[in-house]
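Q: model the following, please.
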Amino acid sequence: MTIRGVIGQRHVVGRAAATTILRWTGRSNGRWRRDQSLDVAWHERSMLMVRDIPAGSRVVDVGAGSEVVRGLLPEDCHYVPVDLVPRSPDTVVCDLNRDALPDLTANWLVGSGVIEYVFDVDRLLSWMASVAPRIVFSYELADDETRYYRRSRSWVNDFTADQMRVLLSRHGLEVVGTAQWKRQTIYWLMCP
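A: As a prediction, the model looks like this:
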């Protein structure tokens, strides 16, 4: 193995260990405070996720990051970003693992690549269902992955497709469509 390979392997092991510590302490990953943690490749995922959001909608974007969703919506949409750190003056700052979830209402809620980092997914889904009747989120299912792989990506939960269906059903969320983006499943949901 090359020196680069050894260093890379040590980095992965370190990230997996750090994620395990986060799970024990209930803390959110501080890496999201750094803009360089936001991947421009996610823009493509966001385009797919918001394609059905009509003009005039009020949209809550959970885990808004660089707020790519804002620029993809029709101009007359009202956009509310929710994130761990304020990246714009109108960001609702909220640590989904520690804070009280904000009292918001919308027509749509978007959550791209956020559930993997949340400890109490039942709490989050219940809140999401209370915010908007239409929800779209992405999640990389744990069907074919090891926990080590997931922890090395800083993910704190491991839901399979069947477990995700049970979770959604428990919160009265009806799946009205799915799509694949790379290894992630995008879910379009309706609340009763």
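Q: isn't there a strand covering Ser138?
A: Yes - applying DSSP: H, G, I helix; E, B strand; the rest coil, one finds Ser138 inside a strand.
Q: all helices for the chain, in order.
A: With DSSP state H as the definition, the chain shows helices at residue ranges 3-25, 42-49, 68-72, 121-131, 147-152, 161-170.
Q: helix or strand with the lowest mean pLDDT in this protein?
A: In the chain, no helix or strand scores lower on mean pLDDT, DSSP states H and E than helix 3-25, which sits at a mean of 52.
Q: list the contacts for the residue most central in space within the chain?
A: Residue closest to the mean C-alpha point of the chain, counted by CA atoms, centre = their mean, is Val114 at 1.6 Å. Each residue near Val114 by CB atoms under 8 Å, 6 or more residues apart in numbering is listed here: Val62, Gly63, Leu96, Phe137. Glycine gets a C-beta too; all of them are placed from N, C-alpha and C.
Q: in TSV: these, plus pLDDT and distance to Ala161.
A: Formatted as TSV, the contacts of Val114 follow (pLDDT from 0 to 100; distance: CB to CB, whole Å):
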residue	pLDDT	distance to Ala161
Val62	97	22
Gly63	94	21
Leu96	96	23
Phe137	97	14
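Q: just the ones in strands from those, please.
A: Val62, Phe137 (DSSP state E).
Q: of the contacts of Val114, which pair is most distant in space?
A: Leu96 and Phe137 (12.4 Å; CB to CB).
Q: now for these two: what residues contact both?
A: Here Leu96 and Phe137 have Val62, Val114 as joint contacts, going by CB under 8 Å, 6+ apart.
Q: how about Cys77: what's its closest non-neighbour residue?
A: Ser57 (5.0 Å; CB to CB, 6 or more residues apart in numbering).
Q: I'd like to know how many residues surround the one you found.
A: 19 (other CB atoms under 10 Å).
Q: that one reaches Thr105, doesn't it?
A: No - contact criterion CB atoms under 8 Å: Ser57 and Thr105 do not qualify, at 11.9 Å.
Q: what's near enough to touch Asp120?
A: Contacts of Asp120 by CB under 8 Å, 6+ apart are Asn97.
Q: what's the distance between it and Asp158?
A: 14 Å (CB to CB, to the nearest Å).
Q: ok, His43 next?
A: For His43 relative to Asp158 (CB to CB), the value is 27 Å.
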